Structures are given as C-alpha cells and as structure tokens.
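Asker: coords below, sequence missing:
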C-alpha cells in the first residue's frame, strides 16, 4: 500500500459546517467568568453559567470548535472500561456516582438540543463494546452483571453480525450520537448576548492573580471573578497536572462503503477500533478511528492511516475514502476525569476526559457551574484536581530543558554558523543537535527550508516530526506546532523561534 493518504485532510465536522466569525477580544471588559477554550467543555460550561445568570466570556486562541471537539468521533455514551473493575477499585458508592454522572450527561445533551432547537443530527442509538479475544469474555460477562445494578441499560452479547470476529461484548441501549460542531455552533448563538461574549483569535498568555483575575492575551486584557480552564490540556496549571496526564493520538478516516453498517456505535477494544456512521447527502458515511499511539512517538504516522484503510477494506469494502484526520486525548492515572477547583480560589479546570469528551465535558459543565454558584455536588471529591498533589509524576520534568526553551524565546540562541545541515529530500524533516541546543529543519514540497528551535516552549521537551500531518509534536505533554513554528495545540502558549533560510 502506498504512503499516499487518500481523502481530504480535514475533519468532516469542520468541512460540513460554516466557519465562525466572532471578533477578537474587546479590551477593558469585566465579566463574572472567563472561560478559556471554545470546545465542548468551554461552550457547555458557558451556556450553563449564563442560564443561572452569570456573565461569561469564552476566549479561544483560534476559531471555536476547530480543535479536539471538531476531530472527535462524537459518541455520547454512559459506559466505562469497566464498571466492574471500577467497583473493585473505588467501591460501590463512588462507582454509582460515576455511572449516574454519565447518564445525566447523556440526558443533558439531549435536553440542550431540545431546549434550543438545535439541528445537529442528534440520534438515539445503542453502543456496542466488544473484543475479538475470546480469553477476555469474562470481563464482559462481569460488566453485564454489575452495570444493570448501577442503573445502566446493559446486556451481554456474543453474536454481533457486522463483526464476525467478535467473541464477547456488551451493548448499552439508548445512547446517542450527533454532529458536534452543529451542536456547539447552535449553543454559541445562545451565549453571545445580554453581556456575554465569545472572542476568537485571542490567545491567552498569562493569568494574573488578584480580585478579580486579569487574563492577559495577545489582544489586551479582560478581568473576571472566576476562570475556567477548558483548553483540553490546561494552559494554566497551578497544580502541575501536566505531570499526571498521559497523552495519546488516534487516527480517523471517513468513507463510503459497499456494505451497510447497522445502526449503532461500536468500540472494539482488542484490537482497538471504534466506528459509527454519519448521515450525509449521499447516504451514510462510515467513520473509523484507531491506531492509538503516545503523542510524539517517532514513527511514520502515514502508516497509521494505511493500516486503518486496510482494516476498513477488510470489514466493509471501501467505495471511496472522503476524509482523514487525527485526534488527541489525555487521561489521568486513575482513569477518572479531572474537574473542579484548583489550588487557586476561583480557578477551575476540566481535563483528562480519556476519550469520552462528549460525556465528561458535559459533566464538567454542570459540576463547575455548581461550584461557582455554591451548589452542593457529590462529584466534587471524586473528580477533584487536587487528588494527585502527593502523587509521583508519570511524566518527567527537566527544568534544565525548560531553561533552554526560555533562551530560545529570549533570542539568546543564534543559529550556529558552523552547523552542517543534512541534505534533505523534499517533505523531509530532521532535528539537529549542537551541544544541549536543538534545532529543526524541514524541506517542504516546494523546496523551501523551514528552520526552527526544536524544543517545546511548554517544558523544553525535544519535538518529534509527524510525517502525516507535517507538524512538530511534543512527546511529553502534547503541544503541537505547524512547520512555520506556530502553536496549533497547547499547553504551549508561544510560537517557536524561527531562523530565516540562508539562500
């Protein structure tokens, strides 16, 4: 199979909806709550806060709903991997709380769709979770025994007609799927009035503590009594949560097939693939995701798409591949989301959704709304961001590396005059070391050389080239930059230092 990746390199969710056009920040404003991040967590939190009378400003570095939420598979499900295991680890009471939170989130999305009359292809459908490994059947049988006692609509299945290799699974009835960008663009129309705002192309640079907080951006400042950090990976992190977050990347394709996929959402855990159908003007298109990897793994990421294509062809006989894109997830060591107030009073965070952002982001919205308005919520302790304060880091941090990144940003590191640049083929990239300093070079398809610092501005980790998407990715905390050096995903806040090409 060729390394050429078929289909448009863009998320279907973005390609099938109009671009937004909210203005940049109007400096000098004061609101009750500043929400950082314009994805599902930020926008759902904003609408819920507005519904209880709070003035809100959503601040987005680029355009709303064009990053993680716009590249999801958009399954709204109350399941877990697995409730039976969670019972052993957390006990019945906390597991029950988690199950109820997930069920409430599914219904909350449904209620918001109905309340605001949002046309977003919201559709009730079952969610199947299964394995192709027969020796794993026991955990699915245990799940089918435990989950109904938690109020979950779950039953055991073995015969899954569209997945002939399935050996065991469970099905969750009455879950849901939708078009996430249509949904959130609908919510955004309800936010921007009566003293609340959405600001785009406004990158947060710093949060100054005080009463109120002052949020400094590239377009000036805004003040707020409370701050919600809903940027997927926290860009403001007073509790060093970055040391606890495992970052993974997955690859997605959308295609028309000769075989019909029955109604439902499907997750095969071994080997991992997840898929569902998407309604279009040409009929249903199938979307499949898989090939999980740790972000920044030094592999040829084009082959991830190649393997997805092979799996799809084997199972559904591809007619035409229309799109390909990728997505990023982060997860906490205990598998629970991180939602709540940080060690800084009035600053809240929502992260570590572990691949189930539609559900957990909605949970985050009503939990944070309760915290800000002083309403009791039993989930506060379960999802507490401070639960890791005495935990050993799962991701290392080297302050020496961070100091080198700061020197790059302070224009203290020049391009070495005697450094040899390797001969590159077009569309090839390399990292070059000169002592402790690291530089990157990329020769684009037109023959132009792009020279940058090769360390991430978040914590100084050495960047890795992503062959499929032509980006520089951080293997430590998930920041990503395009080959011009511009930040396209945090937690990094500033662009890489560029070095002009010598001609």
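Answerer: Noted; the coordinates are in hand. Quick caveat: nothing in here was measured; it's all calculated off a predicted structure.

Asker: Tell me which residues of stretch 27-44 come out buried.
Answerer: 29, 31-44 (16 or more other Cβ atoms under 10 Å). Placement of C-beta: from N, CA and C, glycine included.

Asker: Between these, which sits nearest residue 382?
Answerer: Among these, residue 41 lies closest to residue 382 (Cβ to Cβ), at 17.2 Å.

Asker: What is the least confident helix or strand in this protein?
Answerer: helix 399-409 (a mean of 82; mean pLDDT, DSSP states H and E).

Asker: Now tell me what touches it from outside.
Answerer: For helix 399-409, contacts defined as Cβ atoms under 8 Å, 6 or more residues apart in numbering pick out 413, 436-438, 453, 455-462, 494, 496-497.

Asker: what's the offset of it from the middle of its chain?
Answerer: The gap between where helix 399-409 is centred and where its chain is centred comes out at 27 Å by Cα atoms, centre = their mean, to the nearest Å.

Asker: Would you confirm that residue 59 contacts residue 36?
Answerer: Yes: assessed by Cβ atoms under 8 Å, residue 59 is found in contact with residue 36 at 5.4 Å.

Asker: Identify the contacts common to these two.
Answerer: In contact with both residue 59 and residue 36: 204, 215, using Cβ under 8 Å, 6+ apart.

Asker: where exactly do the helices run in this structure?
Answerer: Assigned by DSSP state H, the chain shows helices spanning 12-15, 40-51, 83-90, 92-115, 137-146, 180-191, 302-316, 357-373, 379-382, 399-409.

Asker: Any idea how many residues pack against residue 209?
Answerer: Close neighbours of residue 209, defined as other Cβ atoms under 10 Å, add up to 12.

Asker: Residue 344 is in contact with that one, correct?
Answerer: Yes: Residue 209 lies in contact with residue 344 (Cβ under 8 Å); the separation is 6.8 Å.

Asker: what sits up against stretch 495-503?
Answerer: Stretch 495-503 has contacts (Cβ under 8 Å, 6+ apart) with 408-409, 411, 413, 415, 439, 448-453, 457, 472, 481, 484-487.

Asker: same thing with stretch 189-206?
Answerer: 20-26, 29, 31, 36, 38, 43, 46-47, 50, 55-64, 116, 188, 215-219, 235-236, 487, 493-494.

Asker: swap the cut-off to 7 Å and go again
Answerer: 20, 22-25, 36, 38, 43, 46-47, 50, 55-64, 116, 188, 215-219, 235, 493 (Cβ atoms under 7 Å, 6 or more residues apart in numbering).

Asker: and if you look at stretch 167-175?
Answerer: Against stretch 167-175 from outside (Cβ under 7 Å, 6+ apart): 76-79, 106, 124-134, 136-137, 140, 143-144, 152-158, 160, 265.

Asker: Please repeat the previous calculation with a cut-off of 8 Å.
Answerer: Outside stretch 167-175, the residues touching it (Cβ under 8 Å, 6+ apart) are 75-79, 106, 124-134, 136-137, 140-141, 143-144, 147, 152-158, 160, 265.

Asker: Keep only those of those residues that are in strands.
Answerer: 75-76, 124-131, 154-157, 265 (DSSP state E).

Asker: Buried only: go through those for me.
Answerer: 75-76, 125-131, 154, 156-157, 265.

Asker: what mean pLDDT does stretch 367-377 have?
Answerer: Stretch 367-377 comes out with an average pLDDT of 98.

Asker: from here on, count from 55
Answerer: All right, first residue 55 from here; so that's stretch 421-431.

Asker: Give me the distance between it and the centre of its chain.
Answerer: 24 Å.

Asker: and what of stretch 466-485?
Answerer: So, by Cα atoms, centre = their mean, the centroid of stretch 466-485 is 32 Å from its chain's centroid.

Asker: Now do it: everything it contacts.
Answerer: By Cβ under 8 Å, 6+ apart, stretch 466-485 touches 458, 461, 486, 488, 491-501, 503, 505, 507-508, 516-519, 524, 526, 537, 551, 553.

Asker: end to end, how far does it reach?
Answerer: 19 Å (Cα to Cα, to the nearest Å).

Asker: quick check: mean pLDDT across that stretch?
Answerer: What stretch 466-485 shows for mean pLDDT is 88.

Asker: which residue is nearest the centroid of the protein?
Answerer: Most central in the chain under Cα atoms, centre = their mean is residue 122, positioned 3.9 Å from the mean C-alpha point.

Asker: Tell me who's in contact with it.
Answerer: 93, 286, 381-382, 411, 543.

Asker: do you know how far it is from residue 67?
Answerer: 11 Å (Cβ to Cβ, to the nearest Å).

Asker: Then residue 521?
Answerer: Counting by Cβ to Cβ - residue 521 and residue 67 are separated by 24 Å.

Asker: For the nearest residue in space to residue 317 that is not next to it in sequence, name its beta-bridge partners.
Answerer: Leaving aside its sequence neighbours, residue 317 sits nearest to residue 179 (Cβ to Cβ, 6 or more residues apart in numbering; 5.5 Å). Beta-bridge pairing for residue 179 (DSSP bridges): residue 229.

Asker: tell me which residues of stretch 416-429 are tucked away?
Answerer: Neighbour-count burial for stretch 416-429, with 16+ other Cβ under 10 Å as criterion, is recorded at 416-426.

Asker: Need these in JSON lines (columns: distance to residue 310).
Answerer: Listed next are those as JSON lines, based on distance: Cβ to Cβ, whole Å:
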{"residue": "416", "distance to residue 310": "31"}
{"residue": "417", "distance to residue 310": "34"}
{"residue": "418", "distance to residue 310": "35"}
{"residue": "419", "distance to residue 310": "35"}
{"residue": "420", "distance to residue 310": "38"}
{"residue": "421", "distance to residue 310": "40"}
{"residue": "422", "distance to residue 310": "40"}
{"residue": "423", "distance to residue 310": "41"}
{"residue": "424", "distance to residue 310": "44"}
{"residue": "425", "distance to residue 310": "45"}
{"residue": "426", "distance to residue 310": "45"}
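
Asker: of all these, which comes closest to residue 530?
Answerer: residue 418 (24.2 Å).

Asker: Now do the same contact list for the closest one.
Answerer: Counting by Cβ under 8 Å, 6+ apart, residue 418 has contacts 95, 98-99, 284, 391, 393, 404.

Asker: Ignoring the adjacent residues along the chain, who's closest to it?
Answerer: Nearest non-adjacent residue to residue 418 (Cβ to Cβ, 6+ apart): residue 404, at 3.6 Å.

Asker: Mind pulling the model confidence for the one you found?
Answerer: In this model, residue 404 carries a pLDDT of 98.

Asker: Surely it and residue 283 touch.
Answerer: Yes: between residue 404 and residue 283 there is a contact at 7.2 Å, judged by Cβ under 8 Å.
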